[in-house]
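*Asks:* 3D, please:
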Amino acid sequence: MNYILTEEILLLQKRAGIITEAEYKQKLSEIDIDLDNKEQAIVDDIKDEMDDVLKGLENEFEKASKSTNEGLLTTASIAVALPAIMGLVSRLGKTAGNIVNKILGKKPSQEDDYQQWMNKLGKIADELHHLYMIPIKNIVKKFVKDPAKADKIANGIFHIIVAAFLIASGVTAVKALQSKNLSLATLEGALGTIKGGEIKTYISKLIA
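*Replies:* Just a heads-up that it's a prediction; the model follows:
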């Protein structure tokens, strides 16, 4: 019998020992995200800005990699690329924040409304992950040949992008965020990094 996998079915399979934790997370990330009209409108409006970030990321990494003998990224060379990249990310964050405030409204003060608002931001972040995580990884892997390190860097960059988007939307903590694909611990660290102006240190640690 064929059936459509849902988050609830996957959770039951994991609890029953049918699938492992790793398989559960992988399958969960593959489930289509059901966005409502407002959430989809936000994702659609962010796409052009996201495309600019991807192009800028590749261009800056390309220029930075030329400063090394092997044409690969190092801690020193990525520091050269970082200001331009963070300028792109900051612009995306401001644009996304304005879009969220326009379509969803500003951060609510009532607890129930705030949780629903954060749930929507979580779904939007998951859809952005679905659309852009692989392209970011593909860009990074051109300049970082260690697959594990490339994945770590790409994941860190994506969390910085989402953190910039959340901060611009008025989010100061992510405990209420519901996400299938993001690490809340990593996202919390990225939020603190942006607010503390320590992005260079954060990215340098990823590539070290």
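*Asks:* poorly predicted segments of this structure, please.
*Replies:* Scanning the chain for pLDDT under 70 picks out the ranges 1-11, 24-33, 68-71, 200, 204, 207-208.
*Asks:* any idea how far residue 136 is from residue 184?
*Replies:* Distance, residue 184 to residue 136, by CB to CB, to the nearest Å: 19 Å. Where you see a C-beta, it was placed from the backbone N, CA and C, and this is true even at glycine.
*Asks:* more neighbours, those two?
*Replies:* residue 136 (23 against 16; other CB atoms under 10 Å).
*Asks:* residue 145: neighbour count?
*Replies:* Residue 145 sits with 11 neighbouring residues when counted by other CB under 10 Å.
*Asks:* in space, what's closest to it - neighbours in sequence excluded?
*Replies:* In this structure, residue 145 finds its nearest non-sequential neighbour in residue 72, 6.4 Å apart by CB to CB, 6 or more residues apart in numbering.
*Asks:* for the one you found, list the residues it contacts.
*Replies:* 65, 143, 144, 145 (CB atoms under 8 Å, 6 or more residues apart in numbering).
*Asks:* so of the residues you listed, which ones are in helices?
*Replies:* Those of those mapping onto helices are 65, 143, per DSSP state H.
*Asks:* ok, of the contacts of residue 72, which come out buried?
*Replies:* 65, 143, 144 (16 or more other CB atoms under 10 Å).
*Asks:* from those residues, which is closest to residue 98?
*Replies:* Nearest to residue 98 out of these is residue 143 (CB to CB; 31.9 Å).
*Asks:* and the closest residue to the closest one other than its chain neighbours, how many neighbours?
*Replies:* Of all residues not flanking residue 143 in the chain, residue 73 sits nearest, at 4.4 Å (CB to CB, 6+ apart). Look at residue 73: counted by other CB under 10 Å, it has 24 neighbours.
*Asks:* enumerate every residue touching the spatially most central residue of the chain.
*Replies:* Relative to the mean C-alpha position of the chain, the nearest C-alpha, by CA atoms, centre = their mean, is the one of residue 158, at 3.5 Å. Listed by CB under 8 Å, 6+ apart, the contact partners of residue 158 are 129, 132, 133, 136.
*Asks:* coming back round to it: distance to residue 107 added to the contacts of residue 72, as a markdown table?
*Replies:* A markdown table is the format used below for those (distance: CB to CB, whole Å):
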| residue | distance to residue 107 |
| --- | --- |
| 65 | 40 |
| 143 | 37 |
| 144 | 36 |
| 145 | 42 |
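*Asks:* mind giving me the domain ranges of the chain?
*Replies:* 1-31, 37-207 (automatic domain parsing).
*Asks:* now, of the ones you listed, which is deepest in the fold?
*Replies:* domain 37-207 (a mean of 17; mean count of other CB atoms under 10 Å).
*Asks:* how near is residue 152 to residue 92?
*Replies:* Separation of residue 152 from residue 92 (CB to CB) stands at 21 Å.
*Asks:* got it, and residue 36?
*Replies:* Distance of residue 36 to residue 92, given as CB to CB: 22 Å.
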